[in-house]
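> based on what follows, work out the 3D shape:
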Amino acid sequence: MTQALTGSEYVLIAQVPKAGDRWHQVHLNAAICQSFFRIAEGEGRMVRLERVEGAGVLRDSFERQLVYSRRNRNYKIEFDFGEVTEYPQDGVPLLIIIELDVRRFRYVLLLPGDTGHEAMLHLNDSLSAVGRGLPRVITTLDEVELRWPGCPLRSPVPTQDA
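Next comes the predicted model:
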């Protein structure tokens, strides 16, 4: 049984860069890795990620390590986007990630046109970005739910797949 969320949990709203055909390896900046994910290069620590589909179904739970590319000096974490394999031709995808516990997170991928995408993009643009690169902001679950009442991160439905 999971602990009930209060609304004060931290939520990261991150624009996802294209990064060629490996865009599921989401490039992040050092400030986000350290302040939100609480990991740094070389620590070898893992984060536990739970994927929620846009309809609110909890799909996967897995662990990932922070990867640092010396070639392009980028930090990245690989996410599972389910059946979404192609980067959209128009607009930018968003990752909405809630911190459930230290290094334990739940996330949903929003593509342009998805319910909540426009509201979350507006919130992403209206808050102060953390670190360099594409805008990434940290807010609270209460703020996200105020702007996107149907956000499935608070209480996703467990998958019924056998």
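> so what's the gap between stretch 15-28 and the chain middle?
12 Å (C-alpha atoms, centre = their mean, to the nearest Å).
> which other residues reach it?
14, 37, 67, 74-81, 87, 92-95, 109, 121, 124, 133-136 (C-beta atoms under 8 Å, 6 or more residues apart in numbering). Every C-beta, even on glycine, is put in place using the N, C-alpha and C of the backbone.
> got any ranges where this protein has weak pLDDT?
1-3, 160-162 (pLDDT under 70).
> recalculate using a threshold of 50.
1, 162 (pLDDT under 50).
> what's next to the longest helix along the chain, contact-wise?
The helix that spans the most residues within the chain, counting by DSSP state H, is helix 117-126. Counting contacts by C-beta under 8 Å, 6+ apart, the residues outside helix 117-126 that touch it are 13-15, 91-92, 94, 96, 110-111, 135-137, 139, 143-144, 147-148.
> for PyMOL, write a command that selects the buried ones of those.
Selection of buried members from those for PyMOL, criterion 16 or more other C-beta atoms under 10 Å:
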select buried, resi 13+14+15+92+94+96+110+111+135+136+137+139+143+144+147+148
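> given the helix or strand just after the longest helix of the chain, what are its sheet partners and their directions?
Using DSSP states H and E, the helix or strand that directly follows helix 117-126 along the chain is strand 136-140. When pairing is defined by DSSP bridges, strand 136-140 lines up against strand 10-15 (antiparallel).
> quick one: the strand it pairs with to helix 117-126, angle?
Compare the direction of strand 10-15 with that of helix 117-126 by axes from the mean of the first three to the mean of the last three C-alpha atoms, to 10 degrees and you get 100 degrees.
> and the strands in the protein?
Assigned by DSSP state E, the chain shows strands spanning 10-15, 25-28, 46-52, 57-65, 67-69, 74-78, 94-101, 104-110, 136-140, 157-158.
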